[in-house]
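**Q** need coordinates for the following:
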Amino acid sequence: MGKGRKKMQMDVLETLRRRDDSLFADNLFSELRASNLKIASPSTYRARAALTQYRRVSCLDSMSAFIASQRVRHQHVPILSIWDNCGSVKKRVAPDLRTELSSIAGKFGFHPSHHAAEIRRRFPSFGAGEVPA
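**A** Sure thing, here's the model as predicted:
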């Protein structure tokens, strides 16, 4: 891997790690571009794709957004709790869940390479800017 690609991956990862919530691809590009006017959108796409492949970044499929993965071993299942009202994302891991999910999937002939869980909830009583505890 070239020096430029590795640096771009580190820039993407550090930008996501500084945030407590997820970041849409366009917003990620805008934040990166603010510090480096020479970058192009395809460069950030390739960096995100590589980081996702290495499981250093999780893609929140339901939101088309990205979040830095926790620094844990790959056998743990990341659980991303997402509050629809404010977009807040809490990251947790479930060490014992991987075996159970693999067993369930195996019953249907499906053998996943990895697991991730998104849990979504809406809190109707929250006002703008309030974050659930």
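
**Q** all strands of the chain, in order?
**A** Residue ranges of the strands in the chain, as given by DSSP state E, are 23-24, 57-60, 65-68, 77-83, 89-94, 117-121.

**Q** got the phi and psi for the residue of the chain most remote from its centre?
**A** The outermost residue of the chain relative to its centre, with distances by CA atoms, centre = their mean, is K107 at 27.9 Å. Here the main-chain torsion angles of K107 (degrees, to the nearest 10) amount to phi -60, psi -20.

**Q** please report the distance of it from L101.
**A** For K107, the distance to L101 (CB to CB, to the nearest Å) stands at 11 Å. Yep, even glycine has a C-beta here, placed from its N, CA and C like the rest.

**Q** cool, A68 as well?
**A** When CB to CB is applied, the distance between A68 and L101 equals 22 Å.

**Q** show me the shaky parts of the protein.
**A** Low-confidence segments of the chain, defined by pLDDT under 70, are located at 1-3, 61-63, 70-75, 87, 124-133.

**Q** all helices for it, in order.
**A** Along the chain, the segments classed as helices by DSSP state H run 3-17, 25-35, 41-53, 97-106.

**Q** in a markdown table: those helices, plus mean neighbour count and distance to S81.
**A** Written out in a markdown table, the entries for the helices of the chain read as follows (neighbours: other CB atoms under 10 Å; distance: least, CB to CB, whole Å):
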| stretch | mean neighbour count | distance to S81 |
| --- | --- | --- |
| helix 3-17 | 16 | 17 |
| helix 25-35 | 15 | 21 |
| helix 41-53 | 16 | 20 |
| helix 97-106 | 13 | 14 |
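
**Q** who wins for proximity to D84 among these?
**A** Proximity of the helices of the chain to D84 was assessed by CB to CB; the nearest stretch is helix 25-35, lying at 17.6 Å.

**Q** and that closest one with helix 41-53, angle?
**A** For helix 25-35 against helix 41-53, the angle by axes from the mean of the first three to the mean of the last three CA atoms, to 10 degrees is 120 degrees.

**Q** contacts for helix 25-35 next, please.
**A** Contacts of helix 25-35 from elsewhere in the structure, counted by CB atoms under 8 Å, 6 or more residues apart in numbering, are 11-12, 15-16, 23, 39, 41, 44-45, 48, 64-66.
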